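J.: okay, sequence plus prediction incoming.
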Protein chains: 2
Amino acid sequence: MSKIEITPVQERLARFAKAMGHPTRIAILHFLAQRNECFFGDIHEVLPIAKATVSQHLSELKDAGLIQGTIEPPKVKYCINPDNWSVAKQLFAKMFDDCCPSKKNSCCS
Amino acid sequence: MSKIEITPVQERLARFAKAMGHPTRIAILHFLAQRNECFFGDIHEVLPIAKATVSQHLSELKDAGLIQGTIEPPKVKYCINPDNWSVAKQLFAKMFDDCCPSKKNSCCS
DNA sequence: ATTCATGTTCGCAAAATTACGAATAATTCT
DNA sequence: AGAATTATTCGTAATTTTGCGAACATGAAT
């Protein structure tokens, strides 16, 4: 009856999800998780795509807040953004816990 | 040096994330989580968008495996797909746990 | 058989995404 | 100052996504 209001939390969760919604970006996140050294060149070296494209994917992840980059001339060091990573983790966890499969009154019974 | 192989698991995680990467679809998932009755009409009634668009979003969620729909003439009942929901939950949880903020050797220190 | 109620599919347009090579900063090294 | 290294930005093209109204399909009720 009354229309749904899309909340800022839902917007934020969708933003995180969208940033994670590409195999290459998932691979980048996994790669960053395994490494201490996170220079752009290290990431590019390991991906079979042009550096311009790598840069775009990194921007996407950075704009969503999942990673951060710091300039260490002449290189750029990338890493997970710990604060937002933690937020994303909690938002996804809450999302998956809220939903019905674990409830008794699920419509999926 | 050696190129990254994008794994099937990463592909699947990205697929889930992509489906969740839109505020309306997050709202739909939340709505499904709160309801026993999950008819198309209930969902459409509550969203400020055309039914064709609602149907598209539901298809997107269904194709990704996050929800399922059963025909109950003349209505269609939608709900979370419990099996895949559980898979998605675990994949996201593993992703967020793997990554560095909780590690000592994080590049984000 | 017609009508009604419910959703999906079609056809289209606008916008966003993905990808690349070339050009452009920015900083160090010679 | 000039060359070299590193990464971003620009310009472009192809594809995908998002959204709508209209048309269509399906089964129920008259």
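T.: In hand now; what should we look at?

J.: gap between residue A:46 and chain B?
T.: Distance check for residue A:46 against chain B: by C-beta to the nearest C-beta, to the nearest Å, it reads 5 Å. All C-beta spots, glycine's among them, are computed from the backbone N, C-alpha and C.

J.: now that residue: closest residue in space, sequence neighbours ignored.
T.: With C-beta to C-beta, 6 or more residues apart in numbering or on different chains as the criterion, residue A:46 has its nearest non-adjacent residue at 4.8 Å, and that residue is residue B:4.

J.: which strands and helices lie in contact with the longest helix seen in chain A?
T.: The helix spanning the most residues in chain A, taking DSSP state H as the definition, is helix A:82-98. Applying 3 or more C-beta pairs under 8 Å, 6 or more residues apart in numbering or on different chains; DSSP states H and E, one finds that helix A:82-98 contacts helix A:8-19, helix B:23-34, helix B:82-98.

J.: now tell me what touches stretch A:57-65 from outside.
T.: Stretch A:57-65 is contacted from outside by A:15-16, A:18-19, A:22, A:24-25, A:28-29, A:40, A:43, A:67-69, A:78, A:81, A:84, A:87-88, using C-beta atoms under 8 Å, 6 or more residues apart in numbering or on different chains.

J.: on that earlier part again, check which residues of the longest helix of chain A are buried.
T.: By 16 or more other C-beta atoms under 10 Å in any protein chain shown, the buried positions in helix A:82-98 come out as A:82, A:84, A:85, A:87, A:88, A:89, A:91, A:92, A:95, A:96.

J.: same question, stretch A:65-75
T.: A:65, A:66, A:67, A:68, A:69.

J.: now do the SS call for residue A:69.
T.: For residue A:69, the secondary-structure state derived from DSSP: H, G, I helix; E, B strand; the rest coil is strand.
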